[in-house]
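K.L.:
The following comprises the amino acid sequence and a computationally predicted model.
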Amino acid sequence: MKKQLKALPIFLIVLLFHFIAYAQNKKKERTREFYFSWGYNKEWYTKSNVKISQPALGNEYNFVGIKGHDHPGWDEGLFKIPLSIPQYNYRIGLFVNKKKGIAFEINFDHTKYIFADQSARIKGTINNRPVDSIVNFSAANGFHYYLNNGANFLLFNIVKRWQWYASKKGNIKIDFLGKAGIGPVIPHVENEFFGQANQPGFQLGGWNIGIETAIRTTFFNYVFLEYSNKLDYARYSNLKVFEGRAKHAFGTYEMVASLGFSFPVGAREKN
C-alpha cells in the first residue's frame, strides 16, 4: 500500500505531461487573417470615345474610337525611381472567416491611360458649327489627353479563397482566389485640345467595377506571392478640361504580380 502511495505522485506527473502534450496538439487557431500586398501591373484598354463639352466655347464633340495605352514604368529601371512612380497596386484585406475563405479587401491599382499620337476622328459641334473630320492628335499639334499620374481604380472587394495544395508540413500552400467589387476612380487629369490646356490635378471622376482571379502561393504561413488577372470597367465623368468637362468610359484587361504578408488575427478556436 505504501509503495502504491509513493508511486501516485509520479503517475500524476506523467498524466499531467500527457495532458499538456495533448493540449498543445489541440492548440487553438485564430479565426481571422489580415493581409496586405504591393506589386506592379500591366494594362490593355478597349477602344473608346471621349466626349468634350465646352458650352462657353460653343463646343460639344466626341473623339470617336480612340486607342489608349498604358505606361508601366517598372520596365524602365524599377530600382532607379521611387516605388510609387511605375504602375503599382496594393491590396489590404481581412479574412473574416478563414475556414470558409471569405474576405473583404481594399483593392487599388495605379494605372495609367494615355491617348496620344494617332489620327483621331472628331465628330460634333465646334464653335457652334457641325464637324466630322480627322485630326492629328499629338502634343506637337496641340492635343494630348493623359490620365498618366493615374487612371486609378479603387475597388471594395468581396473575396473567396479555395485551397488547391498544401505540403505535409504546411510550409507551402497554393490557393485560388476570386474577387469582385465596385468603387470610385480617382484620376489625375491632364489634357490639351486645340492648344487649350487644363490645370492638371487629381479629382474624384466617376466609378468602376471589376472582377479578378488570382493564384496565391504562401510560404511558412506569412509570406506570399500572388499573380492575378483582372477585368475592369471604368466610367469617368466631369473630368476637367479647358472651360468645360469631359466624359470617358473604357474596359481594361490587367495583369498583376504582388508580394504580400499575412497574419492571423481575431479570437481563437479549436481546429
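P.N.:
Arrived safely. Residues are numbered from 1 along each chain as shown.
K.L.:
contacts and neighbour counts: CA atoms only from here.
P.N.:
Will do.
K.L.:
which stretches of the stretch 101-250 of the chain have low pLDDT?
P.N.:
Scanning the stretch 101-250 of the chain for pLDDT under 70 picks out no residues.
K.L.:
Strands along the stretch 51-200 of the chain, start to end?
P.N.:
Under the criterion DSSP state E, counting those that start in this stretch, strands of the stretch 51-200 of the chain are mapped to 59-66, 88-97, 102-109, 113-115, 118-126, 129-137, 144-147, 153-166, 172-184, 188-193, 196-197.
K.L.:
Quick one: closest of those strands to residue 227.
P.N.:
Residue 227 lies closest to strand 172-184 among the strands of the stretch 51-200 of the chain, at 10.0 Å (C-alpha to C-alpha).
K.L.:
How about the contacts made by the closest residue to residue 114 other than its chain neighbours?
P.N.:
Once flanking residues are discounted, residue 114 sits nearest to residue 146: 4.8 Å by C-alpha to C-alpha, 6 or more residues apart in numbering. Shown in contact with residue 146 (C-alpha atoms under 8 Å, 6 or more residues apart in numbering): 112-115, 189-191.
K.L.:
Give the burial count for the residue found closest to residue 95 once you drop the neighbours it is linked to in the chain, as a bare number.
P.N.:
Distances taken as C-alpha to C-alpha, 6+ apart put residue 103 closest to residue 95, at 3.9 Å, once the chain neighbours are dropped. Neighbour count of residue 103, defined by other C-alpha atoms under 10 Å: 20.
K.L.:
related to what we said a few turns ago, now distance to residue 33 too, for the strands of the stretch 51-200 of the chain, in JSON lines please.
P.N.:
Shown next, in JSON lines, are these (distance: least, C-alpha to C-alpha, whole Å):
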{"stretch": "strand 59-66", "distance to residue 33": "44"}
{"stretch": "strand 88-97", "distance to residue 33": "5"}
{"stretch": "strand 102-109", "distance to residue 33": "9"}
{"stretch": "strand 113-115", "distance to residue 33": "34"}
{"stretch": "strand 118-126", "distance to residue 33": "48"}
{"stretch": "strand 129-137", "distance to residue 33": "49"}
{"stretch": "strand 144-147", "distance to residue 33": "35"}
{"stretch": "strand 153-166", "distance to residue 33": "12"}
{"stretch": "strand 172-184", "distance to residue 33": "14"}
{"stretch": "strand 188-193", "distance to residue 33": "34"}
{"stretch": "strand 196-197", "distance to residue 33": "48"}
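K.L.:
Quick one, which of these gets closest to residue 31.
P.N.:
Short answer: strand 88-97, nearest of the strands of the stretch 51-200 of the chain by C-alpha to C-alpha, at 6.2 Å.
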